[in-house]
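Chemist: here is a sequence with its predicted model. Questions after.
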Amino acid sequence: MVKAVLDSFRSQELTRTNRQPLSLLLKLSPYIDELALYDVVNTPGVATDLSHISTTAKVTGYLPKEEGGKAAFKDADIIVIPAGIPRKPGMTRDDLFNINAGIVKGLIEIAAEVAPKAFILVISNPVNSTVPIAAEVLKAKGVFDAQKLFGVTTLDIVRAETFVAEIAGKKTGSELTVPVVGGHSGETILPLFSKVDGVTIPDDKYDALVNRVQFGGDEVVKAKDGAGSATLSMAYAGFRFAEKVLKAVAGEKGLVEPSFVYLPGVPGGAEVAKATGVDFFSVPVELGPNGVEKAQNPLTGITDKEKTLLEAAISGLKGNIEKGISFVHNPP
Ligand code: LMR
């Protein structure tokens, strides 16, 4: 039996978040037998609504009262964390740190206690810092398995696929695989267009395309004009990654998707850690029943332009990662 938990602490404005669409997509997955929703408000109503859909998953909704978090997380196989507040125009993802860091830490503590073997997928921003926070909390509790901790960067890949398809006149989907590596914020997002089979990005379009992938999140924040950040595309991306993990657990082979992982703890990761000098980096990971089976090194043979982007990505990532780690060791 696969129990999935969607935990969304502090989504006071539920319609402005990705929780409802993501919970709907997860309810449709044949790989989930039980879907537990956890939030500070509204989960019983959303759970009842979803429960009328005639797909396999049994849906339950929990609130913080009476240790609802522990009940929701208990023995989960996979925990998806989109918790926290979204950005408003003019904010960076790092501006969310002060609120979201503590929320993610608290949720990971619950997970460590009642679902220590769960796959944990962190969507909460700033991902570049919240994933290191999760790793440090799990390490302190003695239950860290790097192969099962993922920062979800799939929306960057989804955006890159869409934008490259527009330029190259290709169909999206299976026709195009665009590796986007590094982190999930501004210049730490590193699209590797040189690795897209059968596509050459014209020189005069290259910089704008890189910028659009790196700041795609800002494009949505601006367009929503104060009403939050990406919810629907993020729900799709979160679901796409979660479903790949679930399929791998069910035994399907050949599943690869970039994710922000702790390199020293995953097979193949040491090579990328050595090349970048950072311990957390998004790389294409080969998924299996135990999580990351192999981290691929996407940096061999990259172009000079990509090398310049890589340097900027590494420099941004160093600060973000350090901020997350010190939050756990020296709480404010
Ligand atoms: C995104 O990439 O759309 C999300 O990380 C949300 C955001 O703040 O941009």
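Modeler: Structure received.

Chemist: could I get the pLDDT score of the residue found closest to Lys88 once you drop the neighbours it is linked to in the chain?
Modeler: Leaving out its chain neighbours, the residue that sits closest to Lys88 by C-beta to C-beta, 6 or more residues apart in numbering is Gly226, at 5.6 Å. For every residue, glycine as well, the C-beta is placed using N, CA and C. According to the prediction, Gly226 has pLDDT 87.

Chemist: how many residues are close by whichever residue of the stretch 51-200 of the chain sits closest to the ligand?
Modeler: The ligand sits closest to Arg87 of the stretch 51-200 of the chain, with a gap of 4.2 Å, by C-beta to the nearest ligand atom. Other residues near Arg87 come to 21 when the count uses other C-beta atoms under 10 Å.

Chemist: quick one, phi psi at it?
Modeler: Arg87 adopts backbone torsions of phi -80, psi 160, taken as degrees, to the nearest 10.

Chemist: so who does it touch?
Modeler: Under the criterion of C-beta atoms under 8 Å, 6 or more residues apart in numbering, the neighbours of Arg87 are 93, 95-96, 125, 217, 221, 228-229.

Chemist: so which of those sit within helices?
Modeler: 217, 221 (DSSP state H).

Chemist: buried ones in whichever strand or helix holds Ala112?
Modeler: Element membership for Ala112, per DSSP states H and E: helix 97-114. Buried residues in helix 97-114, counted by 16 or more other C-beta atoms under 10 Å: 97, 100-105, 107-112, 114.

Chemist: just put those in TSV and tack on pLDDT.
Modeler: Compiled in TSV, the buried residues of helix 97-114 are given as follows (pLDDT from 0 to 100):
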residue	pLDDT
Phe97	96
Asn100	94
Ala101	96
Gly102	95
Ile103	93
Val104	95
Lys105	96
Leu107	94
Ile108	97
Glu109	97
Ile110	96
Ala111	96
Ala112	98
Val114	97
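
Chemist: going by distance to Asn320, which of the residues you listed wins?
Modeler: Proximity of those to Asn320 was ranked by C-beta to C-beta; the top entry is Phe97 with 8.8 Å.

Chemist: which bits of this structure sit near the ligand?
Modeler: Residues of the chain lying close to the ligand (C-beta under 6 Å from any ligand atom) are 86-87, 93, 125, 155, 217, 220-221, 229-230, 234.

Chemist: Pro30 contacts Thr56, correct?
Modeler: Yes: if you go by C-beta atoms under 8 Å, Pro30 and Thr56 touch, sitting 5.9 Å apart.

Chemist: ok so, going back, that's a strand at the residue nearest to Lys88, yeah?
Modeler: No: counting by DSSP: H, G, I helix; E, B strand; the rest coil, Gly226 is not part of a strand but coil.

Chemist: ramachandran angles for it?
Modeler: When quoted as degrees, to the nearest 10, the phi and psi of Gly226 stand at phi 100, psi -10.

Chemist: got it, and Ile321?
Modeler: Dihedral pair for Ile321: phi -70, psi -50, per degrees, to the nearest 10.

Chemist: for Glu271, see how far away it is.
Modeler: Using C-beta to C-beta, to the nearest Å, we find Ile321 at a distance of 18 Å from Glu271.

Chemist: compare these two (neighbour count), which wins?
Modeler: When Ile321 and Glu271 are compared for neighbours, Ile321 comes out ahead with 24 against 15, by other C-beta under 10 Å.

Chemist: and the closest residue to the ligand within the stretch 201-332 of the chain, how many neighbours?
Modeler: Per C-beta to the nearest ligand atom, Gly217 is where the stretch 201-332 of the chain lies closest to the ligand, at 2.4 Å. Look at Gly217: counted by other C-beta under 10 Å, it has 25 neighbours.

Chemist: can I assume it is in contact with Ser233?
Modeler: No: contact between Gly217 and Ser233 fails when scored by C-beta under 8 Å: they sit 9.5 Å apart.

Chemist: buried subset of the contacts of Arg87?
Modeler: 93, 96, 125, 217, 221, 228-229.

Chemist: quick one: contacts for the spatially most central residue of the chain?
Modeler: Note on the chain: the residue nearest the mean C-alpha position is Val152, at 1.4 Å, using C-alpha atoms, centre = their mean. Applying C-beta under 8 Å, 6+ apart to Val152 gives the contacts 121-123, 127, 184, 237-238, 241, 259-260.

Chemist: the helices in the chain, which residues?
Modeler: In the chain, helices defined by DSSP H lie at 19-28, 43-51, 68-73, 97-114, 127-140, 154-168, 203-214, 216-224, 232-249, 269-276, 304-329, listed in chain order.
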